[in-house]
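When you get a sec, could you give me coordinates for this:
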Amino acid sequence: MNVMRTFAVLCFILFFSPLSWSTTAPMNSNAVKPQTLKDKLNSLAAKTSRSHSDNLIFDLPVTYNKKVSRWVAHYQGPGNRWFRTWLQRSYKYMPFIQAELKKAGLPLDLAYMVMIESGFAPNAVSHASAVGPWQFIEATGSRYGLSKNWWLDERRDLKKSTLAAIRYIKDLHAEFGSWYLVAASYNMGENGLRRKIKKHGTKDYWTLIKLNALPQETQEYVPKILAAMLISKAPNLYGFRDLETMEPLSYEVVVVPGGTDLGPLADHLGVTRKSLKDLNAELYLGYIPRQVEKHFIRVPKGAGKIVSSYLTQQTRRVALE
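Numbering: from 1, shown residues only. Predicted structure coming up:
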């Protein structure tokens, strides 16, 4: 069944991609025979099999229209630099996000919402003060269990915000019943979408767009996600080659006392301060206040014992002082 689905999607991408295949043979004695459809599909499959992100199975409905086409062209053109960065980051963060979605029984392609929301940047902040990879505003984050105070903002934490987003998405799907409307409500707020559906008497996303019933940002939101899905699953086909792929996110969790500063700890571990702060983005001041008894932090895989030894040395030093 998966083979047939893959074949169908390959055909879809082949014929709807803004790129085209040349079937004109060169006019010389060594002319190459024009490629048949089978040859093209085999060639595409061979190319995509070499890329980690070229998973040509979709578990969200795929619509290809003018809006989606425009965003594909934008990411290939003016937005190329940004989209290339997002693609490269996706190798690091997408496996983690999709693993959590799979555990929750949700479509794995919902992870592309994070690509559009924040480009996988843990410290992303929008003009509406939405924060983190899933871009939660403070009220929604609080409703789904994300804490925020003067030294901690759990909206920036990839795992905590992903688990909160999963709960939120499940609630949205239970109400609206359509993944496109889930995305729309995530973008504009469920109350606003609820009013628009009631006013216009339809729960079809594309009909609401035709009626100009949704904010402009929301009208473009699903097309952006669909464009990101199409390109990300076959980046070579869309001109994104030689990507500097990142290793998948890997860490271990250790408990540390109040007063722990991520900067000196990163120096001791021999990693960059930025990398350790990104791993613990919820600590947006970069340290744990002394009045906090203890806190769990993430450190690179295999560094747990080194951290424990370092903290023991720090405790002894403080005691001697």
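
Could I get the full set of helices for the chain?
2-16, 37-48, 66-76, 80-103, 112-118, 138-143, 158-176, 179-188, 190-200, 205-210, 216-233, 262-269, 273-279, 304-320 (DSSP state H).

quick one, which of the ones you listed is nearest to residue 250?
The closest of the helices of the chain to residue 250 is helix 80-103. By CB to CB, the value is 9.0 Å. For every residue, glycine as well, the C-beta is placed using N, CA and C.

now the angle between helix 66-76 and the closest one, please.
Taking axes from the mean of the first three to the mean of the last three CA atoms, to 10 degrees, one finds helix 80-103 and helix 66-76 inclined to each other by 120 degrees.

can you pull the buried residues of helix 80-103?
83-84, 86-94, 96-98, 100-101 (16 or more other CB atoms under 10 Å).

how distant is that helix from the center of its chain?
Distance, stretch centre to chain centre, for helix 80-103: 5 Å (CA atoms, centre = their mean, to the nearest Å).

can you tell me which residues contact the residue nearest to residue 282 when sequence neighbours are not counted?
Nearest non-adjacent residue to residue 282, counting by CB to CB, 6 or more residues apart in numbering: residue 157, 4.0 Å away. Applying CB atoms under 8 Å, 6 or more residues apart in numbering, we find residue 157 in contact with 122, 132, 280-282.

top of those by neighbour count?
residue 132 (30 neighbours; other CB atoms under 10 Å).

my guess is that one meets residue 165, correct?
No. Counting by CB atoms under 8 Å, residue 132 stays clear of residue 165, with 9.5 Å between them.

Now stretch 192-212: buried residues?
Buried-residue list, stretch 192-212, by 16+ other CB under 10 Å: 193, 196-197, 205, 208-209.

go on, stretch 265-272?
Buried, per 16+ other CB under 10 Å, within stretch 265-272: 265-266, 268-269.

can I get those in a markdown table with distance to residue 181 and pLDDT?
Formatted as a markdown table, those follow (distance: CB to CB, whole Å; pLDDT from 0 to 100):
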| residue | distance to residue 181 | pLDDT |
| --- | --- | --- |
| 265 | 44 | 96 |
| 266 | 43 | 97 |
| 268 | 49 | 95 |
| 269 | 45 | 95 |
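
and which of those residues is nearest residue 228?
residue 266 (31.9 Å).

So for that closest one, what's the nearest residue that isn't a sequence neighbour?
Going by CB to CB, 6+ apart, residue 266 has residue 276 as its nearest residue, at 4.0 Å.

Report how many residues lie close to the one you found.
Residue 276 has 22 neighbouring residues, counting by other CB under 10 Å.

Go ahead and confirm it touches residue 268.
No. The pair residue 276 / residue 268 is not scored as a contact, 10.2 Å apart, by CB under 8 Å.

Sketch out the low-pLDDT regions of the stretch 1-150 of the chain for me.
Applying pLDDT under 70 to the stretch 1-150 of the chain flags the ranges 1-55.

Which residues are in contact with residue 125?
Going by CB under 8 Å, 6+ apart, residue 125 touches residue 131.

For it, list each beta-bridge partner.
residue 131 (DSSP bridges).

The residue nearest to residue 266 and residue 64, how far apart?
Distance, residue 276 to residue 64, using CB to CB, to the nearest Å: 42 Å.

ok, now residue 231?
12 Å.

More neighbours: which of those two?
The neighbour count for residue 231 versus residue 64, taken as other CB under 10 Å, is higher for residue 231 (25 against 17).

Check the burial of the residue lying closest to that one once chain neighbours are set aside by counting its neighbours.
In this structure, residue 231 finds its nearest non-sequential neighbour in residue 238, 4.7 Å apart by CB to CB, 6+ apart. Neighbourhood size, residue 238 [other CB under 10 Å]: 23.
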